Structure formats: C-alpha cells, structure tokens
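Visitor: below are the sequence and a predicted model for it; my questions follow.
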Amino acid sequence: MNTVIAKLLPYIYNTYHRDIYYDISYYILTHIYDIKNMTVSEFAQNCHTSLSTVKKFCQGLEYKDFNVFKQYLISTIHVRENQIAERYQDFSIDDILKRIDILGETEIDKDRFMVQIRKVVDDIYQSQRTYIIGATFPLALSLNFIEDMIIFGKPFLIQNVDNDLDEALKRKDSYSIVVSVTGRYFMLNLVRFQHLQELEVKTCVISQNNSIQDKLHNISSFIHLPGNNDTENMNSILLEIFQLIKFVYYQTYIIKK
C-alpha cells in the first residue's frame, strides 16, 4: 500500500540506530489522529526538533512540506477506512478458520482458538500501545495488519527481537504480541527469554511450541500454530491469524462505536 503509514512502518521496522527521523516517525504512528489539528510549529515542538528538520523529513517522503504531508495523511486515513469497511462486508470468521484448517492440514479446536483471539483483541483495546515482537520475516508479514490497526486508532509498533525490548516495553500500559513460530529463538537465547519474563506487560505468544506458555509468567494468551516445523504454509497461517484478530477487533470495537 502506497500510503503515508506504509512509508513510515518500514523505517521503524528496519532502524537499529534511532535518530531524529525515527523519533518523528514514531510520533506520527502513535498520534495520527492528533496531527490533523497541529501547526508545523506544534508538530516540531512535540517531536523535539526544528522546523527545518521537519521539512527535510517531509521532503524525504516526497512531500513538499508539512502541510502537504498532513493532507496526504488525512487522505490515507479516510481512504483506508472506506477500503476496510468495504472489504469486511463479505468477511466471515468461519471462512478464516476453515482456511487455517486447510493450511495447517489439521482441524484446530475452533472454540478454544477463538477464546484466545478474543482475549488478544480485548488486551489490544485496553492497552495504550501494542508491540509485535519477532524475527525479521514474521514481522514483515504483520505490516499490513499493523497499518490497519493504526487506522483503527490503536498505536501499533514493530520490534525486532534483536533490539532492546526493555526500551520498547517499559510502559506498563503496553501490550506485546510475540511471534516465534517454532520457539527456537527463545530456547537458544535464554537471556532474552528471561528478560521478556521480567517485563511488566501482558504478552500474547503465537507459536507452535506449547512449552513457551508454561515458561512465561506474564502471558495473557497463547495462540497455537498447527504443525511442528516452519513451512511456507505457516506464513499463510500467520497472515490469516493477523486477519482474524483485525476482523474481530473491527466487529467488536469499530462498527459498534
């Protein structure tokens, strides 16, 4: 999607050394509904930077200045809201669950699965900020999901497991969704696994490895991926799970507003 949000998410996703452009991107993604009423001076002040830096940032995104950037951001929000509403007219939870069964080549316990999905949705709604944490490719699969959740008014950010988790999750009102398909990453990186347990945030784990849910004391929900190895089908299943979370959130908290 060639939208303002889609341009900013990869920057957050790929940045290991945080600079002022990272800080500006981070601020935009967590305040998209506030920016439409800001002047450029207010925006610069809120981002703790100068007017010239804001202009360079906007021009780097191929917008002439802050006002043009803001127009495109507002347009992005309206267009995407309409696209989502139209797309979900023909959506069905049962259809998504059937696709997961087919892709996983097994029949999941749909009632149990949906209890976990709805718990994730409620936790996202109650949190002030949500992070998806994982390795490079699972995170890349989540970008479209994150973009739509931001459109829903929920600050959603992406956090590579190789970055500092403590900095991202130091706020107690944050929520984390950890994607570790086979669970090997945390089994091989016990220090990071231990650190994740020490953070005071609710956590959802999406994994094939059932043992993770017994080892994380702060786990709020566990979504079990079918199978016991990382296949191409697993990528499609992750996409379906992201789609299901987003759709249930839309049904529960957006159209019922």
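Guide: Arrived safely, thanks for sending.
Visitor: where does the residue minimising distance to the centre of the chain sit: helix, strand or coil?
Guide: Nearest to the mean C-alpha position of the chain, by Cα atoms, centre = their mean, lies Ile146 at 3.8 Å. When classified by DSSP: H, G, I helix; E, B strand; the rest coil, Ile146 comes out as helix.
Visitor: Ile133 contacts Tyr175, correct?
Guide: No - with contact defined as Cβ atoms under 8 Å, Ile133 does not count as touching Tyr175 (10.7 Å). In short, each C-beta sits where N, CA and C put it, glycine included.
Visitor: what sits against the residue nearest to the centre of the chain?
Guide: For Ile146, the contact set (Cβ atoms under 8 Å, 6 or more residues apart in numbering) comprises 9, 132, 156-158.
Visitor: which of these sit farthest apart?
Guide: Considering Cβ to Cβ, no two members of the contacts of Ile146 lie farther apart than Leu9 and Ile132, which are separated by 10.8 Å.
Visitor: now for those two: what residues contact both?
Guide: Common neighbours of Leu9 and Ile132 (Cβ under 8 Å, 6+ apart) are 146, 158.
Visitor: pLDDT below threshold where in the stretch 151-257 of the chain?
Guide: The model of the stretch 151-257 of the chain has pLDDT under 70 over residues 162-164, 167-168, 256-257.
Visitor: strands of that one, start to end?
Guide: Under the criterion DSSP state E, counting those that start in this stretch, the stretch 151-257 of the chain contains strands at 156-160, 174-179, 202-207, 219-224.
Visitor: need the ones you listed in CSV (columns: mean neighbour count and distance to Glu42).
Guide: Formatted as CSV, the strands of the stretch 151-257 of the chain follow (neighbours: other Cβ atoms under 10 Å; distance: least, Cβ to Cβ, whole Å):
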stretch, mean neighbour count, distance to Glu42
strand 156-160, 21, 23
strand 174-179, 24, 26
strand 202-207, 24, 33
strand 219-224, 19, 36
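Visitor: picking up where we left off before, the residue nearest to the centre of the chain and Leu199, how far apart?
Guide: 20 Å (Cβ to Cβ, to the nearest Å).
Visitor: and Tyr125, by the same measure?
Guide: 20 Å.
Visitor: ditto for Ile35
Guide: Taken as Cβ to Cβ, the span from Ile35 to Leu199 is 29 Å.
Visitor: now do the helices in this protein.
Guide: Taking DSSP state H as the test, the helices found in the chain are 4-14, 20-30, 40-46, 51-60, 66-87, 93-104, 110-126, 136-141, 143-151, 165-168, 184-188, 190-198, 212-215, 232-249.
Visitor: sketch out the low-pLDDT regions of the stretch 1-150 of the chain for me.
Guide: 1-2, 14-17.
Visitor: relative to Ile20, how far out is the residue of the chain most remote from its centre?
Guide: Ranking residues of the chain by C-alpha distance from their mean position (Cα atoms, centre = their mean) puts Ser52 at the top, at 30.5 Å. Going from Ser52 to Ile20 by Cβ to Cβ gives 11 Å.
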